[in-house]
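Chemist: sequence? don't have it. structure:
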């Protein structure tokens with residue numbers, strides 16, 4: 001097996017991982033729709049979707065493990081004799097088995113997409129219980145209008161967010177692409193990433209602090225739809 005083949009495989013896995021993330025977002029959206037509908041059979045359906053999210057989270061973590069291990073092992077092999085390539089597969093399999101065996105339910109339930117799922121369902125159920133079903137869309141529009149100036153603009157790009165994420169440390173929101181780019185830039189400079197919100201005392205933002213905010217994303221999309229109808 002050549003190194004180019006290894007890199008090609010890892011690239012394919014990363015693409016697959018992105019598709020898994022998209023699928024988890026779709027499942028979360030459907031679950032939120034069910035929660036807002038207040039159907040009497042909603043809980044079993046949401047439980048099934050929660051189980052799907054958990055399995056996707058497990059697969060996502062396993063892909064991360066595999067990619068990290070392959071990159072580490074291949075880096076080690078490069079410095080050794082060419083014959084070491086023949087043991088690459090066995091080394092990867094051994095380390096991957098060890099790491100996945102240590103993956104606990106607690107680790108899975110801390111996955112950002114699963115945390116986002118739980119937060120989104122909770123928010124949707126609370127909103128549905130407080131609003132008459134026939135007025136949900138209108139009232140949601142009122143919420144959008146009242147909060148757009150506060151919550152919808154990314155503090156980095158100064159434009160409306162596309163994929164908002166919430167920092168679980170300071171509860172501030174950013175557009176996902178913008179904050180990840182900032183974190184990467186700061187880390188490449190051997191510096192910590194400070195929260196870009198003016199006045200925030202959070203001086204160390206990391207990728208693991210970010211949780212997708214599906215409810216806010218839906219509200220932004222709702223505002224866009226309303227704007228097109230006007």
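Modeler: That came through fine. Given the structure is predicted, the values throughout are model-derived calculations rather than measurements.
Chemist: could you point out which element follows the helix or strand of the chain with the lowest mean pLDDT?
Modeler: Ranked by mean pLDDT, DSSP states H and E, the weakest helix or strand in the chain is helix 136-151, scoring a mean of 45. Following helix 136-151 in sequence order, the next helix or strand is strand 164-167 (DSSP states H and E).
Chemist: chain center to that following strand: distance?
Modeler: 9 Å (Cα atoms, centre = their mean, to the nearest Å).
Chemist: what of stretch 216-230?
Modeler: Worked out by Cα atoms, centre = their mean, stretch 216-230 lies 22 Å from the chain centre.
Chemist: can you give me the strands in the chain?
Modeler: Shown for the chain, the strands assigned by DSSP state E span residues 164-167, 173-175, 210-212.
Chemist: what about the last one, average pLDDT?
Modeler: The predicted model assigns strand 210-212 a mean pLDDT of 93.
Chemist: packing partners of that strand?
Modeler: helix 112-130, strand 164-167, helix 176-188 (3 or more Cβ pairs under 8 Å, 6 or more residues apart in numbering; DSSP states H and E). To be clear about C-beta, it is placed using only N, CA and C from the backbone, and glycine gets the same treatment.
Chemist: outline the domain layout of the protein.
Modeler: 1-130, 138-230 (automatic domain parsing).
Chemist: just put those domains in JSON lines and tack on mean neighbour count.
Modeler: Listed next are the domains of the chain as JSON lines, based on neighbours: other Cβ atoms under 10 Å:
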{"stretch": "domain 1-130", "mean neighbour count": "15"}
{"stretch": "domain 138-230", "mean neighbour count": "15"}
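Chemist: contact partners for residue 95?
Modeler: Going by Cβ atoms under 8 Å, 6 or more residues apart in numbering, residue 95 touches 69, 72, 73.
Chemist: tell me what angle the longest helix seen in the chain forms with helix 112-130.
Modeler: When the chain is scanned for its longest helix (criterion: DSSP state H), the result is helix 42-78. Inter-element angle recorded for helix 42-78 and helix 112-130: 160 degrees (by axes from the mean of the first three to the mean of the last three Cα atoms, to 10 degrees).
Chemist: which elements pack onto helix 42-78?
Modeler: Counting by 3+ Cβ pairs under 8 Å, 6+ apart, helix 42-78 packs on helix 3-37, helix 88-101, helix 105-109, helix 112-130.
Chemist: could you give the angle of the second one to helix 3-37?
Modeler: Spelled out, it's helix 88-101. Going by the same axes, to 10 degrees, helix 88-101 makes 20 degrees with helix 3-37.
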